[in-house]
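Could you look at this predicted model? Sequence included:
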Amino acid sequence: MHMHKLEKIWLIFGISCLVIFLTVVGVSAFYLGNKPPSCLTTVNPETVGQEKPFNEPGLHKVDGKAWDYELVYVASAFSYTPAQVEVPLGAKVKVIATTKDVIHGFEVAGTNINMMLEPGYISEYTTTFDKAGEFLIVCNEYCGAGHHLMFSKIEVVK
Amino acid sequence: MITSTAAKVKVDPRDAKLSMAHFFVAFSALALGGLMGLLQTLVRSGKWELPWGIDYYQILTVHGVLMGLVLTTFFIMGFQYAAVSRTTGGHSSAARRAGWIGFWVMLVGTLMAATMVLLKEASVLYTFYAPLKAHWIFYLGLTFVIVGSWIDGAAQIMTYARWRKNNPGQPSPLLSFMAVINTVMWIVATLGVAATVLFQLLPWSLGLVDTVDVLVSRTLFWYFGHPLVYFWLLPAYMCWYAIIPKIIGGKIFSDSLARLSFILFLLFSIPVGFHHQLTEPGIDPAWKFFQVILTFMVVIPSLMTAFSLFATFERYGRSKGATGLFGWFRVLPWGDARFIVPFIGMAAFIPAGAGGIINASNQMDQVVHNTIWITGHFHLTAATSVVLTFFGISYWLVPHLTGRRLTKAMNKLAIIQAWVWFIGMVFMSGSMHIQGLLGGPRRSAFSTYGGSEQAAEWIPYQIAQAVGGTILFLGIILVLIIFVNLAFFAPKGEEEFPVAEAENPEEKAPMVFENWKLWLGITAALILFAYTIPFIDIIQNAPPGSKGFQTWSKW
């Protein structure tokens, strides 16, 4: 099988770019810790409301951890609990969420917090809120008739 | 001499009838699915509401199922069936019978699923994620569609096998080889969705089991969901590689490299489903990244394809005396709909592919996952690159099969249609991309999200989508006019089924490309490598299963 010289150059150039690109993405994910949310912890979806930490949704100050606060959400068709929270500006927060019923999305518009909530699984993402203002949490996975009415708000305050 | 006889080779009329049956279903799906798409953009503009209790998510389901599953599968099977017939000398009566059985099984399945959607028993979208539980007839209908497509695809494989037997030691005709690669990829991929539907969703919806393992079902779905998009794309590549060169009067740059790129698509289209599940819990991030790497391997055949196509264009242009760096570009047949319509699709694939690289980039996916950016992305890939190429194919294939001609007037209308489509898509897909970057979610009816300022910023883009959607619907009306004309009213005559020849016909493709044991073996090995350990993890660490929910509005 014959390959044209220009095609060889083109492919070598393209594949080299690909290798560099994947290396950058890989180093960012595994060395700098920018992995997508991939929590492996499970929970019984039927009894979520009685189990820690989901028996007390909302913002909690924690000590002795790599983050300052834990922000716990329980989603169900078609709402999030809590419906509104205030987070201090600059706080490092671990967001912990799950769903009681169908699959929901959990996206904080204007931030990198974007994760799937699946029954039986806990989703987590740690981030620093370094911009003040109101942020909208939207459900971005179809969950039924009220999908577009499912939201919550985070107020980042000084 | 060979060219003059080749130009007259016709698809056997009995095969033509079956292909046309597929196209009638495909274009009916386009008409209805397109109308649903228009209604969605109008609802989301916030200026209009659906009448008679029709629900947004119901029409969203109709749009996704008709456009993503029915239009594509029927068109592709019809086109590939004709391409195999044209390049091998026709199907045997056994293969033809298989084709008809497959067609009817698919059609019955489609009607079963459609009935349940219309009755609001299955507003679960075309991805039907558990634990949303649709009526069991919906799942059974989907099973019929899949099994029907296997029988339909078997017709192509039977004819290919017969040709190989009759021509020992010869590489098969390029178009037949490509059609069979795509059919084989489809069969391997649909095993995943068939497994979740047959072993999980059907027994669960019938009440035989109480709960379903949600992550297993999703993982099986996405094992199928990504090769699905390559199943749409490869027939477009067949046209770009093996048909367009003939239309412009050039040659295939390299027959062997075309085959190699198709084999690479077979290998690297399937073990990559995790890149649709990057933001979900329960899957180890190392395995996600491994599948991201495999996903990016398709960059290699994509680069080969881009090189081949533009090499063909440039060589043709220079043979016509074009000079300068880009002089060849001007002499391409811009007035021929069979060329320019797929060419606009090809051009759209450049931004579409770039967007795809972002989506699959592991942590970068968090910025766009399930935002309307994704919808904008696949309206460039599937709804522009692929669909415009399909339209371009039908402009010569339909008259070829019905014994008619593409008239000058229809040729002109087809070119207008493609530009209308392009303009509509710039508005719709463009504003979807921007709104997605601002955080706007996909698959959602109009909402102000409790007067949120962020959501208010999205609304102007939603109005732009309605403008784009309206222009696109105009494009659908035009393509339907052309299709009906070519099927029933165009003047009788001969329309060529263009099949290009390789630039160096004496250079025979290596026979190793036809070694199916080898390629299927590597395909299976890659799939097992990418999926076995994470799949065992998912099953062993599974939470209690989910009972079903029906959270959508009912009649």
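Happy to help now that I have it.

In three-state terms, how would A:Trp67 be classified?
Local secondary structure at A:Trp67 is given as coil here, using DSSP: H, G, I helix; E, B strand; the rest coil.

Low-confidence stretches in chain A?
Low-confidence regions of chain A, defined here as pLDDT under 70, do not occur.

how about the helices of it, start to end?
Applying DSSP state H to chain A gives helices spanning A:5-30.

now do the stretch 1-150 of chain B
Along the stretch 1-150 of chain B, the segments classed as helices by DSSP state H, counting those that start in this stretch run B:2-8, B:13-44, B:56-64, B:72-88, B:93-118, B:136-166.

right, and the ones you listed - which one's nearest B:Thr381?
helix B:72-88 (11.8 Å; Cβ to Cβ). All C-beta spots, glycine's among them, are computed from the backbone N, C-alpha and C.

For the closest one, list the C-alpha coordinates in PDB.
The C-alpha trace of helix B:72-88 is given here as PDB (Å, rounded to 0.1, in the frame of the first residue of the first chain):
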ATOM      1  CA  THR B  72     -31.100   7.800   9.600                       C
ATOM      2  CA  THR B  73     -31.500   4.000   9.800                       C
ATOM      3  CA  PHE B  74     -34.000   3.800   7.000                       C
ATOM      4  CA  PHE B  75     -32.000   6.100   4.700                       C
ATOM      5  CA  ILE B  76     -28.700   4.400   5.400                       C
ATOM      6  CA  MET B  77     -30.100   0.900   4.900                       C
ATOM      7  CA  GLY B  78     -31.800   2.000   1.700                       C
ATOM      8  CA  PHE B  79     -28.600   3.700   0.400                       C
ATOM      9  CA  GLN B  80     -26.200   0.900   1.300                       C
ATOM     10  CA  TYR B  81     -28.600  -1.800  -0.100                       C
ATOM     11  CA  ALA B  82     -28.600   0.100  -3.400                       C
ATOM     12  CA  ALA B  83     -24.800   0.700  -3.300                       C
ATOM     13  CA  VAL B  84     -24.100  -3.000  -2.700                       C
ATOM     14  CA  SER B  85     -26.500  -3.900  -5.500                       C
ATOM     15  CA  ARG B  86     -24.900  -1.400  -7.900                       C
ATOM     16  CA  THR B  87     -21.300  -2.500  -7.300                       C
ATOM     17  CA  THR B  88     -21.700  -6.300  -7.000                       C
END
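
just checking, what packs against that helix?
In terms of contacts (3 or more Cβ pairs under 8 Å, 6 or more residues apart in numbering or on different chains; DSSP states H and E), helix B:72-88 is packed against helix B:13-44, helix B:93-118, helix B:136-166, helix B:174-195, helix B:214-242, helix B:387-402.

Which pLDDT value goes with B:Ala6?
The pLDDT attached to B:Ala6 in the predicted structure is 50.

and the helices of the stretch 1-150 of chain B, which one is worst for confidence?
The bottom spot among the helices of the stretch 1-150 of chain B, by mean pLDDT, belongs to helix B:2-8, with a mean of 50.

tell me the contacts of B:Gly282?
Taking Cβ atoms under 8 Å, 6 or more residues apart in numbering or on different chains as the criterion, B:Gly282 is in contact with A:Ser38, A:Cys39, A:Leu40, A:Thr42, A:Glu118, A:Tyr121, B:Leu215, B:Ile538, B:Asn541.

Look up phi and psi at it.
Here the main-chain torsion angles of B:Gly282 (degrees, to the nearest 10) amount to phi 90, psi 0.

pLDDT value on it, please?
Predicted confidence (pLDDT) for B:Gly282: 93.

B:Thr323 and B:Phe483: what is the separation?
Summarising the geometry, the distance separating B:Thr323 from B:Phe483, computed by Cβ to Cβ, to the nearest Å, is 40 Å.

so what's B:His275 up against?
Residues touching B:His275, when contacts are defined by Cβ under 8 Å, 6+ apart, comprise B:His226, B:Lys288, B:Gln291, B:Val292, B:Thr295, B:Asn359, B:Ala360, B:Asn362, B:Asp365.

near chain A, from these?
Checked against chain A using Cβ under 8 Å from any Cβ of the partner chain, the contacts of B:His275 yield the following neighbours: B:Lys288, B:Val292, B:Asn362, B:Asp365.

Could I get the contacts of B:His275 in CSV, plus columns for distance to B:Glu496?
Shown next, in CSV, are the contacts of B:His275 (distance: Cβ to Cβ, whole Å):
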residue, distance to B:Glu496
B:His226, 35
B:Lys288, 48
B:Gln291, 43
B:Val292, 43
B:Thr295, 38
B:Asn359, 39
B:Ala360, 39
B:Asn362, 47
B:Asp365, 45
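
pLDDT weak spots in chain B?
In the predicted model of chain B, residues B:1-8 satisfy pLDDT under 70.

May I have the secondary structure class of the residue lying farthest from the centre of it?
Distance from the C-alpha centroid of chain B peaks at B:Gly451, with 38.3 Å (Cα atoms, centre = their mean). With three-state DSSP as the basis, B:Gly451 sits in coil.

Also B:Ala322?
Three-state secondary structure (criterion: three-state DSSP) places B:Ala322 in coil.

Pull the contacting residues for the residue nearest to it when sequence neighbours are not counted.
Computed as Cβ to Cβ, 6 or more residues apart in numbering or on different chains, the closest residue to B:Ala322 that is not its neighbour in sequence is B:Trp328, at 4.2 Å. For B:Trp328, the contact set (Cβ under 8 Å, 6+ apart) comprises B:Phe313, B:Glu314, B:Arg315, B:Tyr316, B:Gly317, B:Arg318, B:Lys320, B:Ala322.

B:Thr323 and B:Phe483: which is more packed in?
Neighbours of B:Thr323 and B:Phe483, each counted by other Cβ atoms under 10 Å in any protein chain shown, are more numerous for B:Phe483; the result is 21 against 9.

How much space separates the closest residue to the more buried one other than its chain neighbours from B:Phe75?
Sequence neighbours aside, B:Phe27 is the residue nearest to B:Phe483 in space, at 5.1 Å (criterion: Cβ to Cβ, 6+ apart). When Cβ to Cβ is the yardstick, B:Phe27 and B:Phe75 sit 8 Å from each other.

Please identify which of the two sits among more neighbours.
Each of B:Phe27 and B:Phe75 had its neighbours counted (other Cβ under 10 Å), and the higher figure belongs to B:Phe75 (26 against 22).

shouldn't the more buried one be in contact with B:Phe391?
No. Here B:Phe75 does not reach B:Phe391: they are 9.8 Å apart, not a contact under Cβ atoms under 8 Å.

So B:Lys492 versus B:Leu486, what's the distance?
Between B:Lys492 and B:Leu486 the computed distance is 12 Å (Cβ to Cβ).

Which neighbours do these two have in common?
Both B:Lys492 and B:Leu486 are in contact with B:Arg404, where contact means Cβ under 8 Å, 6+ apart.
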